[in-house]
Structures are given as structure tokens and as C-alpha cells.
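Visitor: here is my input, please return the structure:
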Amino acid sequence: MLVIRRLVDRRRSYTALFLKGEKPRIFPTDDVQHARILQIYKQDRRYDGVCNDFTEFNIGEDLKPSPQGI
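Guide: Residues are numbered from 1 along each chain as shown. Purely as a prediction, here's the structure:
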């Protein structure tokens, strides 16, 4: 399983890719680049048959759409 995390220090932000048995790969990215990486690796929302943060941690389960669609 691929784990993607956002790392931030005082000066820069990074994207870290973790694969079991592999050395972590950490590289500088801005918010847009990190969001695109998440989208590519299907971490942007829940997908059928894909195990990601949204399925593991039930992210968004408690959010209900507002009546006005906002």
C-alpha cells in the first residue's frame, strides 16, 4: 500500500511517499502539486475498491450536504 503524507516545516512543505520495505521518498511541493499527487493516487475522495484515508478513517462520514448545496 502506498501512503502519501504532507510534511511542513518552518520554511518549506513536502510530499512524502511511503511504501513498505522501501526508503521514504520526500520532495518539496506546493499545495497545488500535493493536491494533484493525491488526486492521481486516488486520495482525493472515497472510491469503490480502493483503500485510502477516506476509507480507513471514515473521513467525510459525518458531513452531510447542506440544504442550500453550499
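Visitor: for the closest residue to His34 other than its chain neighbours, helix, strand, or coil?
Guide: Leaving aside its sequence neighbours, His34 sits nearest to Thr15 (CB to CB, 6 or more residues apart in numbering; 5.0 Å). From N, CA and C alone the C-beta is placed, and that goes for glycine too. Following DSSP: H, G, I helix; E, B strand; the rest coil, Thr15 is assigned to strand.
Visitor: Asp30 against Thr15, yeah?
Guide: No - Asp30 is beyond contact range of Thr15, at 9.7 Å (criterion: CB atoms under 8 Å).
Visitor: those two - which one has more neighbours?
Guide: Thr15 (20 against 10; other CB atoms under 10 Å).
Visitor: quick check: bridge partners of that one?
Guide: Assessed by DSSP bridges, Thr15 has beta-bridge partners Arg6, Phe27.
Visitor: now do the contacts for it.
Guide: Residues counted as contacts of Thr15 (CB atoms under 8 Å, 6 or more residues apart in numbering) are 4-7, 26-27, 29, 33-34, 37.
Visitor: just for this protein, where's the confidence low?
Guide: Scanning the chain with the threshold set as pLDDT under 70 gives 42-45, 50-54, 56-70.
Visitor: which helix in it has the most residues?
Guide: helix 31-40 (DSSP state H).
Visitor: the closest residue to Asp31 other than its chain neighbours: neighbouring residues, count only.
Guide: Closest residue in space to Asp31, ignoring its immediate chain neighbours: Ser13 at 7.3 Å, by CB to CB, 6+ apart. Close neighbours of Ser13, defined as other CB under 10 Å, add up to 14.
Visitor: would you confirm that Arg12 contacts Thr29?
Guide: No - with contact defined as CB under 8 Å, Arg12 does not reach Thr29; the gap is 9.0 Å.
Visitor: higher neighbour count, the two?
Guide: More crowded of Arg12 and Thr29, by other CB under 10 Å: Thr29, with 18 against 10.
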